[in-house]
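Enquirer: Return atomic coordinates for the entry below.
(4 chains)
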There are 2 protein chains.
Amino acid sequence: MTNRLDGFAALGDPTRRAVFERLARRPRAVGELAAGLPISRPAVSQHLKVLESAGLVTHERQGVRRIYRIDPSGIEAMRSYLDRFWDQALAAFKRAAEQEPS
Amino acid sequence: MTNRLDGFAALGDPTRRAVFERLARRPRAVGELAAGLPISRPAVSQHLKVLESAGLVTHERQGVRRIYRIDPSGIEAMRSYLDRFWDQALAAFKRAAEQEPS
DNA sequence: GCCATCGGTAAGCTACTGCTTACCGTAAGC
DNA sequence: GCTTACGGTAAGCAGTAGCTTACCGATGGC
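Expert: Take a look at the predicted model:
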């Protein structure tokens, strides 16, 4: 787990977003994920590593398998980051709109 | 403006996040932004282009200057994307925790 | 114990990203 | 009209990201 904001870079990649969204539907093993995606299993492994270090997924051993699932903590970090700017953005935008009835 | 989810890739870069956060404090011209950052003005221009196409900032001409400011619409798109998974993530996590009192 | 399955890691290649310098168009002051 | 300030775009370069194939360790069934 590195920086909490690495979630943005992690979800910036479309393939990684696809992995993330599939895990959101239900937890899966690595091979199962790879079977439903147009990339190789090692590629999926690498994506999972990035997602995990961003706190977006976790895994749990189940025999010889690794079951990956969504981790709320990374999502929460990104949500609160965006919320921090949300109010400022709205206020600043409103202010600008009023200044220019144009 | 391309995909609404490009905001993740846009904010994935630390420099771009710095630009974004500075604009959140107050709207600025390009040169002013560049003066406060360790990169050249063209680099800032390129980052602004990415941020703008992700719907995260807008600009407005003011004489020969371009004043850039935060745009709520891109932020909103990212927020709603994350919110879509937030409840599922919490529910799935809770379910998993109950299944394994370990 | 052996073998098969699962999945993480290494090595290597291509493509893209972020940066720089150089250049050019445009608005405003005199 | 000239000149100056501002900033977007082009070209080019180094570093990184994402993918592949090949390999290896580890778990579980027989």
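Enquirer: Okay, now stretch A:58-75: how far is its last residue from its first?
Expert: From its first residue to its last, stretch A:58-75 covers 12 Å (C-alpha to C-alpha, to the nearest Å).
Enquirer: where does chain A have low pLDDT?
Expert: Along chain A, segments meeting pLDDT under 70 span A:1-4, A:96-102.
Enquirer: Give me the number of neighbouring residues for residue A:17.
Expert: Residues lying near residue A:17 (other C-beta atoms under 10 Å in any protein chain shown) number 18. (Each C-beta comes from the backbone N, C-alpha and C, glycine too.)
Enquirer: Quick check: it vs residue B:77, distance?
Expert: Residue A:17 sits 13 Å away from residue B:77, going by C-beta to C-beta, to the nearest Å.
Enquirer: just residue A:79 next, same as before
Expert: Taken as C-beta to C-beta, the span from residue A:79 to residue B:77 is 13 Å.
Enquirer: Could you do residue A:7 as well?
Expert: Applying C-beta to C-beta to residue A:7 and residue B:77 gives a distance of 16 Å.
Enquirer: just to revisit the earlier point, shared neighbours, residue A:17 and residue B:77?
Expert: residue B:5 (C-beta atoms under 8 Å, 6 or more residues apart in numbering or on different chains).
Enquirer: all strands of chain A, in order?
Expert: Secondary structure of chain A (DSSP state E): strands located at A:28-29, A:57-62, A:65-70.
Enquirer: most residues in a single helix of chain A, which one?
Expert: Longest helix of chain A, by residue count under DSSP state H: helix A:72-99.
Enquirer: and that helix, how far from the chain's centre?
Expert: Relative to its chain's centre, helix A:72-99 lies at 19 Å (C-alpha atoms, centre = their mean, to the nearest Å).
Enquirer: which other helices and strands contact that helix?
Expert: On a contact count with 3 or more C-beta pairs under 8 Å, 6 or more residues apart in numbering or on different chains; DSSP states H and E, helix A:72-99 meets helix A:6-12, helix B:14-25, strand B:65-70, helix B:72-99.
Enquirer: Out of the ones you listed, which one sits most buried?
Expert: Comparing the helices and strands packed on helix A:72-99 by mean neighbour count (mean count of other C-beta atoms under 10 Å in any protein chain shown), helix A:6-12 ranks first with a mean of 24.
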